[in-house]
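Chemist: I would like to see how this sequence folds:
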Amino acid sequence: MKSTSRIKINGFQETVIPPKWINIKYLLIVLGGVAIINQLVFIREFLSVLDGNELVMGLVMSCWMILTGLGAYLGRNFKISGFTLEKGLNRLALLSFMPFFLIAALYWFKKILFPPGTIAGLGISISGIFLLLFPVCLLSGYLFTQFSTCYSLSNNDNRISNAYRYESLGSLIGGLIFSFFFGYFFNSFEVFGLTTGIVLILRAWVCNKSIEKYLFTGIGIILPFLVFAFNPDIHIKKLFYPGQEIIRDKSTRYGTLTVTQQHGQLNFYENNSLQFYTDNIIQSEEAVHYAMVQHKQPKQILLISGGISGMIQEIEKYKIEKITYLEHNPEIFNEWKNLINMTDFKNVEFLKSDIRTFLLRSKSIYDVILLNLPPPNTLGYNRFYTEEFFSILKKHCNHQSIVCTSLPSTGNYAEANALAVNASLYKTLNSHFLNQLVLPGEKNYFLVSDNSLSWYITELISKKGIITNYVNSGYIDDRLLKERGESLISQFDQKVKINHDFQPYMFLRQINHWFNYVGGNYILIIAIPALMFLMCLFWLNPVTTGLYIGGFTSASLEVALMLIYQIYFGSLYIASALFFSLFMGGLVVGSRWKFKNKNEFSMRQYSLLQFALALFSILLPGFLLLAGKITFITLLQQFMFFIPVFILAFGIGYEFNLASRLQHYGYSQISGINYSSDLLGSAFGAFITAVLLLPVCGLTITCLVVAGLNLYSGLRVVLTK
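Modeler: Presented below is the predicted three-dimensional model:
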């Protein structure tokens, strides 16, 4: 047994551990790595299972931070006696292994409570997220307080900011591994198998007994092997696709792509949501012929998504010269080409590029542009329905060009939010094109052009001699089609807002439509967290308030940067790991910043940091506006989004460093209170920004609100005697 002694620190009696316990820093690094990988996988799985949009991401991040902060706060009374390095690794192995059962439970609950064709309600979604994250997040936060307390005691000095740095370093390493390796090549169970195996091998490394060393090494090697051999991910997902054979299931930059086969029909799912299937005759004919017959001689066609469902074959019924074909998820091409004979499409140019990036770079003019994308129920899809997008698209049109996009059918009795979404798209398109028609069918098709348009589709089909199975006079009455279209347009409210990238009116109304469907209240969902945030803001002391607002600032601006990245590039699904990694890198550098003397960690220095964060928030919109104009080099444009992430994280890490020196408690008290305050503020920042500030108020107002909060926090510190 190692000897220990007791000293008093700021009035609190603490146990001092011999210097050999400096090895605790390695536990902090492993904790950070395991925690960030768990977080990224859970975000990915919840987005997939809950058909998630950015609201789900905000909910997951908020619950994660609240529960982790709660664990850290509970750990403030941690007793050091009996703790060893081996016990610490045992707990880390448990932390890495628990997600196996939690992810399986997530899919099981989805299967039992929400079978195919149903939508998870908001209340039960929040409850499910909270309950499934509870054990892993609580343990993660508790272990941070435990390890950071041990690390400080091992040096008989306040090393909490150093502990924060090592935990952030581990998160940086784990995030980079996930960004460039785990996230691309492995499913969730394989990722957990690998992380658990690594922790068990580390556990074997510190064993003194040979039997234990061989036992932990063997389990660490065999467990990942069994996971890869039996592939539980596929067996669980088969529950969601009864009667279908899963041909491919992989993670992409845009989401989890699953391809199934059923009686010769191929079905393509993204995040468990059916996007399209082959040989969809009715929808393919409507989406193609409603627009194609409007042009006298269509030669150059731009097809954005939908070719797999049969639209290419319909387009080729005209005397075209070339089809330029893009998918919103380019990975779809890789799967499709392995399942069909690509030589059948001689006039088709397949482009594996982001849609908006291609349109910004290309100078081609098209006779007909067909957009067949999912509705704007995420910011990633809303970016294809905005004024900014149609402004880009208009540059690829001439006076004769026809553009067709669509929204889900509203039927004969449209719900108010669904009607507002259609009205907003109608108004947004009208700002760029002289003429517009809305043709109800399997979807509501919006046709626009600067040339004249005709309601009489089947008459034009007959004149051109195009042979169709459905879009003909045998099934469609032109006069009835016109009446239904005019009736729908007459219901549009002219006061609706135009849809924009940073003020996504259609996205918000889609969310409201979802709330109405599942029985939620958007205003109540926002009001309760906002009220709780304000209550905590006025309750905490000035130093803790700084950390609390700092957490809000970091999460709010990071979420804003991520969502704007989603608007520009649409590939946040994988890029989020890189955002988290660089943020952790900034925390490492900021928390490592050394003070020349004790006078540096003064209240004055702390207040100046709050004011600096306020200034950063004010300058951020201008910087992002500049980044948005750099369209000629995509990598440079993407890189510019990560610069403010690192700078922001540096400031937050430095703030945590200062606060750890300014708090007058025992080591475990400082660690628990500071870490939990930071995470609680982050939880509110992630949620309120994702569901209210950014989508409703826009980027500039969001940043001004954050700046105002930091000014308030800084002034509280200045006025403290």
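
Chemist: can you give the contact residues for stretch 532-552?
Modeler: Outside stretch 532-552, the residues within contact range by Cβ atoms under 8 Å, 6 or more residues apart in numbering are 65, 603, 606, 609-610, 613, 651-652, 655-656, 659, 662-663, 673-674, 677-685, 688, 706, 709-710, 712-714, 716-717, 720. Heads up, the C-betas are built off the backbone N, CA and C, glycines and all.

Chemist: so which of those are in helices?
Modeler: Counted as lying in helices by DSSP state H, out of these, are 65, 603, 606, 609-610, 613, 651-652, 655-656, 659, 662, 673-674, 677-685, 688, 706, 709-710, 712-714, 716-717.

Chemist: and the closest residue to Ala423 other than its chain neighbours, helix, strand or coil?
Modeler: Using Cβ to Cβ, 6 or more residues apart in numbering and skipping the chain neighbours, the partner closest in space to Ala423 is Phe492 (3.7 Å). Here Phe492 takes the coil state, with states given by DSSP: H, G, I helix; E, B strand; the rest coil.

Chemist: swap in Trp455?
Modeler: Three-state assignment for Trp455 (three-state DSSP): coil.

Chemist: start the count at 2, not 1, going forward
Modeler: With 2 as the first residue, the last one maps to Trp456.

Chemist: let's see the ChimeraX selection covering just the buried ones among the ones in helices among the contacts of stretch 533-553.
Modeler: Selecting just the buried residues from these in ChimeraX takes one command, with 16 or more other Cβ atoms under 10 Å as the test:
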select :66,604,607,610,611,614,652,653,656,657,660,663,674,675,678,679,680,681,682,683,684,685,686,689,707,710,711,714,715,717,718
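
Chemist: and Lys88, what's its pLDDT?
Modeler: Note on Lys88: pLDDT of 82.

Chemist: tell me which element it is part of?
Modeler: Assigning secondary structure by DSSP states H and E places Lys88 in helix 86-114.

Chemist: same deal with Lys251?
Modeler: Assignment of secondary structure by DSSP H and E places Lys251 within strand 246-253.

Chemist: what comes into contact with that strand?
Modeler: Residues external to strand 246-253 that are found in contact with it (Cβ under 8 Å, 6+ apart): 45, 184-185, 188, 234-235, 238-239, 257-263, 267, 330, 332, 336, 340, 574-575.

Chemist: mind listing what's buried along that strand?
Modeler: Of the residues in strand 246-253, those with enough neighbours to count as buried (16+ other Cβ under 10 Å) are Ile247, Asp250, Ser252, Thr253.

Chemist: turn those residues into CSV, including distance to Val61.
Modeler: Listed next are those as CSV, based on distance: Cβ to Cβ, whole Å:
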residue, distance to Val61
Ile247, 25
Asp250, 21
Ser252, 17
Thr253, 19
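
Chemist: what's the closest of these to Leu93?
Modeler: In terms of Cβ to Cβ, no member of the buried residues of strand 246-253 lies closer to Leu93 than Ser252, at 25.0 Å.

Chemist: how far away is Asn188 from Ile237?
Modeler: Spatial separation of Asn188 from Ile237 under the definition Cβ to Cβ, to the nearest Å is 10 Å.

Chemist: more neighbours: the two, which one.
Modeler: When Asn188 and Ile237 are compared on other Cβ atoms under 10 Å, the one with more neighbours turns out to be Asn188, at 25 against 19.

Chemist: surely the more buried one touches Asp234?
Modeler: Yes. Asn188 lies in contact with Asp234 (Cβ atoms under 8 Å); the separation is 4.2 Å.

Chemist: if we can go back for a sec, and the helix holding Lys88, what does it pack against?
Modeler: For helix 86-114, the contact count by 3 or more Cβ pairs under 8 Å, 6 or more residues apart in numbering; DSSP states H and E identifies helix 25-50, helix 123-156, helix 189-206, helix 233-238 as packing neighbours.
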